[in-house]
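1. structure for the following, please:
(one chain, ligands or ions: 1)
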Amino acid sequence: MIVNGNNRHSDALLEMESVSVNFPVKRAYPFSKRQWIQAVTDVSLRVSMGETFGIVGESGCGKSTLANAMIGMIRPTSGTVRFQGDDLFSLNRQAFKAARRNMQMVFQDPFSSLNPRFTVYDIIREPLYIRGGVSESDMKGKVLELLNLVGLDEEDLQRYPSDFSGGQRQRIGIARAIILNPSFLVCDEPVSGLDVSVHAQILNLLMEIQQSLNLTYVFISHNLAVVKNICQHMHVMYLGKTMEAGAADSVFSNPLHPYTKALLSAILDIDVSRPRERVLLKGDTPSPIDPPSGCRFWQRCPFAMEGCKTIPAELVNVEPDHHVACHLISGFSSEQKAAGFAQPLSPQHGE
Ligand code: SF4
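-> Okay, here's the model as predicted:
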């Protein structure tokens with residue numbers, strides 16, 4: 001089931017259907033059993049043209065792996081990725097390269113993603129230079145145009161990344177990401193490596209660029225406050241799986257999954273008249289090599305029941321454009337209840 005709410009096939013730019021990504025773990029001994037990191041499991045989503053689609057979750061929940069599968073950097077173990085209606089991994093080499101040029105990424109760490117030995121000019125023009133077919137003067141004109149768009153000056157062209165602040169380096173990274181005129185941009189935690197004082201500037205810049213160039217964004221973040229402000233749809237991920245998905249307004253106004261509630265309770269709220277109870281999750285995220293059976297969140301969930309340990313929670317539609325994977329919402333059958341699956345676990349169950 002593809003989720004981001006409405007069944008708007010016509011305006012879908014990117015669709016993922018039942019995508020799973022597993023990575024092999026290096027064997028400790030030559031004949032030991034092969035193990036797999038289950039980075040992403042059975043994720044389906046649809047990103048509409050022109051929207052900003054948020055993916056949130058803690059570190060290690062599979063957000064970045066999912067993003068890399070979206071833009072063809074990682075081939076999923078199973079499932080399909082369709083970009084502009086085409087199955088990305090069934091395209092021939094030439095068509096795949098063309099699609100890849102149409103999808104770009106803004107990285108979290110603007111310093112390590114920029115070559116320290118290249119000048120700003122070399123960094124920004126590099127994708128155009130590799131693609132070829134553009135004269136040096138046209139290339140320079142395009143770089144200057146983008147430099148202006150991201151708020152840097154012509155004098156910056158011959159400087160090096162080390163001459164800039166984190167926020168300025170991210171501007172350079174954004175200019176490089178859009179030089180091939182992509183229609184789809186994945187922003188992988190684009191502000192989390194930056195000083196808090198420049199978060200708003202970079203976010204505003206991304207929003208302005210989206211409007212002026214008519215871009216579609218997937219915005220990956222562990223910061224729900226940011227996602228709340230800029231995204232129209234979102235997925236909340238935990239240990240490689242989608243826990244809650246839908247219109248950002250619905251998820252924020254009516255969070256239903258215990259994990260989403262815990263994440264939301266951690267957002268600083270400036271409205272002191274509405275004190276919010278902080279939900280503290282116990283324990284660490286389990287290993288993706290051997291994720292828990294049943295609901296992946298059961299070991300940390302304060303509402304876990306017997307059945308959550310063994311029965312996977314499927315995403316169910318709870319209201320228009322809002323899906324949740326939780327037995328509290330979908331309920332157990334009368335046979336399962338009779339078998340004791342609805343019995344709450346002890347508060348110490350995950351310890
Ligand atoms: Fe908690 Fe069970 Fe819901 Fe998972 S399915 S979130 S363990 S109540």
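
2. dihedrals phi and psi, the residue in the stretch 51-200 of the chain that the ligand sits nearest to?
-> Closest to the ligand within the stretch 51-200 of the chain is residue 57: 13.8 Å, counting by CB to the nearest ligand atom. Bear in mind the C-beta positions are built from the backbone N, C-alpha and C, glycine included. Note on residue 57: backbone dihedrals following degrees, to the nearest 10 are phi 160, psi 170.

3. that one - how many residues pack around it?
-> Using other CB atoms under 10 Å, residue 57 is surrounded by 26 other residues.

4. just the pLDDT for it.
-> Residue 57 carries a pLDDT value of 91.

5. pLDDT score assigned to residue 109?
-> 80.

6. ok, it - contacts?
-> residue 193 (CB atoms under 8 Å, 6 or more residues apart in numbering).

7. ok and the residue in the stretch 101-250 of the chain nearest the ligand?
-> For the stretch 101-250 of the chain, CB to the nearest ligand atom, closest residue to the ligand: residue 243, 7.2 Å.

8. that residue belongs to a strand?
-> Yes: applying DSSP: H, G, I helix; E, B strand; the rest coil, one finds residue 243 inside a strand.

9. contacts only, for it.
-> 236-237, 257, 259-260, 297, 324-326 are the contacts of residue 243 under CB under 8 Å, 6+ apart.

10. in space, what's closest to the residue of the stretch 51-200 of the chain closest to the ligand - neighbours in sequence excluded?
-> Closest residue in space to residue 57, ignoring its immediate chain neighbours: residue 237 at 3.9 Å, by CB to CB, 6 or more residues apart in numbering.

11. element containing the one you found, please.
-> Using DSSP states H and E, residue 237 sits in strand 233-238.

12. for residue 205, give me phi and psi.
-> Here residue 205 shows phi and psi, under degrees, to the nearest 10, equal to phi -60, psi -50.

13. can you count the residues close to it?
-> With other CB under 10 Å as criterion, residue 205 counts 19.

14. likewise residue 238?
-> For residue 238, using other CB under 10 Å, the count is 27.

15. likewise for residue 32?
-> Here the count is done by other CB under 10 Å, and residue 32 has 10 residues near it.
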